[in-house]
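*Asks:* This is a predicted model, with the sequence first.
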2 protein chains.
Amino acid sequence: MVTKNKPARIPAPYAVVKQYLKKNLQNGRWAPGALMPSEAELVAQFSVSRMTVNRAIRELQTEGLVSRIQGVGTFAAEPHRVSSTLTIRDLHSEIEERGHTHHAVVHIAKAELVTTAVALRLGLEKGATVFHTVIVHYENGVPLQCEDRYVNPACAPDYLRVDFTQTTPTQYLLEVAPHWEAQYRIEASAPTAREAKLLGIRRDDACLIIARRTVSMNVPITAARLVHPGTRYSLAGQFKP
Amino acid sequence: MVTKNKPARIPAPYAVVKQYLKKNLQNGRWAPGALMPSEAELVAQFSVSRMTVNRAIRELQTEGLVSRIQGVGTFAAEPHRVSSTLTIRDLHSEIEERGHTHHAVVHIAKAELVTTAVALRLGLEKGATVFHTVIVHYENGVPLQCEDRYVNPACAPDYLRVDFTQTTPTQYLLEVAPHWEAQYRIEASAPTAREAKLLGIRRDDACLIIARRTVSMNVPITAARLVHPGTRYSLAGQFKP
DNA sequence: AAACTCTACTTGTCTAGACAAGCTGAGTCA
DNA sequence: TGACTCAGCTTGTCTAGACAAGTAGAGTTT
């Protein structure tokens, strides 16, 4: 048996109420859609103030476990929309965290006139210039990702002066425009001829491709195509309700 | 100009404070890691009670925009761990939402002795029985997913009696064990011979594969391998800070 | 029967004050 | 110098009460 030096911390009252509700939701005491106890009832049951109960329930609400309707009541959430979340991380820190070495080789880094396709994706006008980089990232010397990226010069005028063997574009762009929204598309397909060559794989090897487009404060920042050899890379994630 | 019938609802004070902090975080007023105003300062600035300010900041904390240390202060979050979230949805509702038709064909539905690999994944003992289903899902008559699933009989004893042309296994299992945790792995690779045949694709066509393992209240429920033709399917998601 | 009103109940939010818990730095003592 | 104490700051949480806003249902009127 494990004994702790610290005395057993008694959990905060709001946490007690929250845990009680969570447990009973899990074991089906309140079927999905069913009416749950009102705040007043819980106040009486646990002898705490309404604010305390309210916090417990509100947190369950943001976790998606219950839904509330003002004037009506609190309901167990409908059969959880089977949606779940997966984490996509910065490749550099991911590799470092595995205790492996990361290095990058820059193949293209220049300003270009936008093509129609890129102009659309970045929300720029025809005839504008964009920065374009193609960088291959290696884990322990093995090519793991081919990163084909277009950047809006208005957001990162010094982008091409960055040493991308030291800093990943993602890291740099995060400094320039800290909080952003991103849209993703993840797909599997064969690489282009150039990508196959850069990654050292065959043209018919399956690749995991992430197409990412990021926007900060309604200004498009960057659009990237990240190609990973299917045999060397997979995305892992988990979901806790 | 657009005129609304309803009078402009004034936002709640806590929302005002929250929005103020969020705006200034985005435009870089507080660099990542920097000390932000204390609750007391915000109380004075906005003439609200501390509970109101506290709620605003606490919500920012759960959103990952700030981090707080008791006794020290509130800090702008570090260069957002470039992690981001992607939503994985139930195939049936996803197809329905596109206004398309979904149907499923059951190829295998039986009880089996576990193999070592499956026993490990499901956390069962050697010699136990599992339910095994192989189902192909179609969108508008085109095969979109091959679902190879093992289910822990202890969690869903009636699993094999379900009509999977009407209900997806995911939907059914959600009813039986409402709230669960899931682990995912997403990868790209070629299909097995059987999968290629069932999906009507070539053996060297790239596939997007989701391996999912779910657990509810520390009891393993199910392990599934979902194979999608790369040309017909992609995962989309977005991230808002 | 249909339309209305009113009451009772729900959630949503705010307040002013309180105490606990934790960190920091200044001052004190050995 | 080094170890200690303590005041003063921070966040973490709870309370008792209050009013607003929204809904459902009972009762009333038309």
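*Replies:* The structure has been received and is ready for your questions. Residues are numbered from 1 along each chain as shown, chains lettered A, B, ... in the order given.

*Asks:* Any idea which helix or strand in chain A has the lowest mean pLDDT?
*Replies:* strand A:84-88 (a mean of 71; mean pLDDT, DSSP states H and E).

*Asks:* Quick one: name whatever helix or strand follows that one.
*Replies:* helix A:91-97 (DSSP states H and E).

*Asks:* Quick check, pLDDT for residue A:148.
*Replies:* With respect to pLDDT, residue A:148 has a value of 97.

*Asks:* could you list every residue that touches it?
*Replies:* Residues in contact with residue A:148 (Cβ atoms under 8 Å, 6 or more residues apart in numbering or on different chains) are A:133-134, A:195, A:224-227. C-beta coordinates here come from the backbone N, C-alpha and C atoms, glycine included.

*Asks:* So which of those residues are in helices?
*Replies:* Among the contacts of residue A:148, DSSP state H puts residue A:195 in helices.

*Asks:* all strands of chain A, in order?
*Replies:* Using DSSP state E, the strands of chain A run over A:66-69, A:73-76, A:84-88, A:102-113, A:129-139, A:142-151, A:181-189, A:207-216, A:219-229, A:234-239.

*Asks:* Any residues of chain A in contact with DNA strand D? List them.
*Replies:* Counting by Cβ under 7 Å from any atom of the strand, the residues of chain A close to DNA strand D are A:12-15, A:47-52, A:55, A:69-72.

*Asks:* Which of these sits closest to residue A:157?
*Replies:* Residue A:157 lies nearest to residue A:55 out of the residues of chain A next to DNA strand D, by Cβ to Cβ, at 45.5 Å.

*Asks:* ok, how many other residues are close to that closest one?
*Replies:* 20 (other Cβ atoms under 10 Å in any protein chain shown).

*Asks:* what about the residue nearest to it when sequence neighbours are not counted, distance to residue A:53?
*Replies:* Nearest non-adjacent residue to residue A:55, counting by Cβ to Cβ, 6 or more residues apart in numbering or on different chains: residue A:14, 4.7 Å away. Residue A:14 sits at a distance of 8 Å from residue A:53 (criterion: Cβ to Cβ, to the nearest Å).

*Asks:* swap in residue A:27?
*Replies:* Taken as Cβ to Cβ, the span from residue A:27 to residue A:53 is 20 Å.

*Asks:* Settle it for me: which of those two has more neighbours?
*Replies:* residue A:53 (25 against 13).

*Asks:* That one is in contact with residue A:44, isn't it?
*Replies:* No: applying Cβ atoms under 8 Å, one finds residue A:53 not in contact with residue A:44, separated by 9.9 Å.

*Asks:* Tell me which of the strands of chain A approaches residue B:123 most closely.
*Replies:* strand A:234-239 (15.5 Å).

*Asks:* Whether the closest one contacts chain B - can you check?
*Replies:* Yes: Strand A:234-239 is in contact with chain B by Cβ under 8 Å from any Cβ of the partner chain, via A:234-239.

*Asks:* Reformat those into JSON lines and put neighbour count, distance to residue B:191 and pLDDT next to each item.
*Replies:* Below are those laid out as JSON lines (neighbours: other Cβ atoms under 10 Å in any protein chain shown; distance: Cβ to Cβ, whole Å; pLDDT from 0 to 100):
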{"residue": "A:234", "neighbour count": "16", "distance to residue B:191": "16", "pLDDT": "90"}
{"residue": "A:235", "neighbour count": "20", "distance to residue B:191": "19", "pLDDT": "86"}
{"residue": "A:236", "neighbour count": "13", "distance to residue B:191": "21", "pLDDT": "81"}
{"residue": "A:237", "neighbour count": "20", "distance to residue B:191": "22", "pLDDT": "75"}
{"residue": "A:238", "neighbour count": "15", "distance to residue B:191": "25", "pLDDT": "71"}
{"residue": "A:239", "neighbour count": "20", "distance to residue B:191": "26", "pLDDT": "68"}
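
*Asks:* Between these, which sits nearest residue A:190?
*Replies:* Using Cβ to Cβ, those come closest to residue A:190 at residue A:234, 17.4 Å.

*Asks:* Can you give me every residue that contacts the closest one?
*Replies:* A:208, B:185-187.

*Asks:* Which two among those are spaced furthest apart?
*Replies:* Maximum distance among the contacts of residue A:234 (Cβ to Cβ): 10.9 Å, for A:208 and B:185.

*Asks:* anything in contact with each of these two?
*Replies:* With Cβ under 8 Å, 6+ apart, residue A:208 and residue B:185 have common neighbours A:234-235.

*Asks:* quick one: which of the two has more around it?
*Replies:* In this view residue A:208 and residue B:185 are compared by other Cβ under 10 Å, and residue A:208 has more residues nearby, 27 against 16.

*Asks:* Against residue B:224, how distant is that one?
*Replies:* For residue A:208, the distance to residue B:224 - Cβ to Cβ - is 19 Å.

*Asks:* Residue A:92 too?
*Replies:* 32 Å.

*Asks:* And residue A:69, by the same measure?
*Replies:* Residue A:69 sits 34 Å away from residue B:224, taking Cβ to Cβ as the criterion.

*Asks:* More neighbours: the two, which one.
*Replies:* Remark: of residue A:69 and residue B:224, residue B:224 carries more neighbours, 21 against 8, as counted by other Cβ under 10 Å.

*Asks:* If we ignore the residues flanking it in sequence, what's nearest that one?
*Replies:* Residue B:224 sits nearest to residue B:149 (Cβ to Cβ, 6+ apart), 4.2 Å away.

*Asks:* So, low pLDDT: which residues of chain A?
*Replies:* A:1-9, A:79-85, A:179, A:239-241 (pLDDT under 70).

*Asks:* By proximity to DNA strand D, which residue of it wins?
*Replies:* The minimum distance from chain A to DNA strand D, using Cβ to the nearest atom of the strand, falls at residue A:71 (2.3 Å).

*Asks:* is stretch A:22-33 anywhere near DNA strand C?
*Replies:* No: with Cβ under 7 Å from any atom of the strand as the criterion, DNA strand C is not reached by stretch A:22-33; the gap is at least 12.1 Å.

*Asks:* Check which residues of that stretch are buried.
*Replies:* A:22, A:25-26, A:30, A:32 (16 or more other Cβ atoms under 10 Å in any protein chain shown).

*Asks:* out of those, what pair is the most spread apart?
*Replies:* Longest span within these, Cβ to Cβ: A:22 and A:32, 14.4 Å.

*Asks:* how close does the residue lying farthest from the centre of chain A sit to residue A:50?
*Replies:* Distance from the C-alpha centroid of chain A peaks at residue A:44, with 40.8 Å (Cα atoms, centre = their mean). Distance from residue A:44 to residue A:50, counting by Cβ to Cβ: 10 Å.

*Asks:* Residue A:146 now?
*Replies:* 56 Å.

*Asks:* And the two? Which one has more around it.
*Replies:* Looking at residue A:146 and residue A:50 with other Cβ under 10 Å, you find the greater number of neighbours at residue A:146, namely 26 against 11.

*Asks:* and that one, what does it touch?
*Replies:* Taking Cβ under 8 Å, 6+ apart as the test, what residue A:146 contacts is A:134-137, A:191, A:195, A:198-199, A:226-227.
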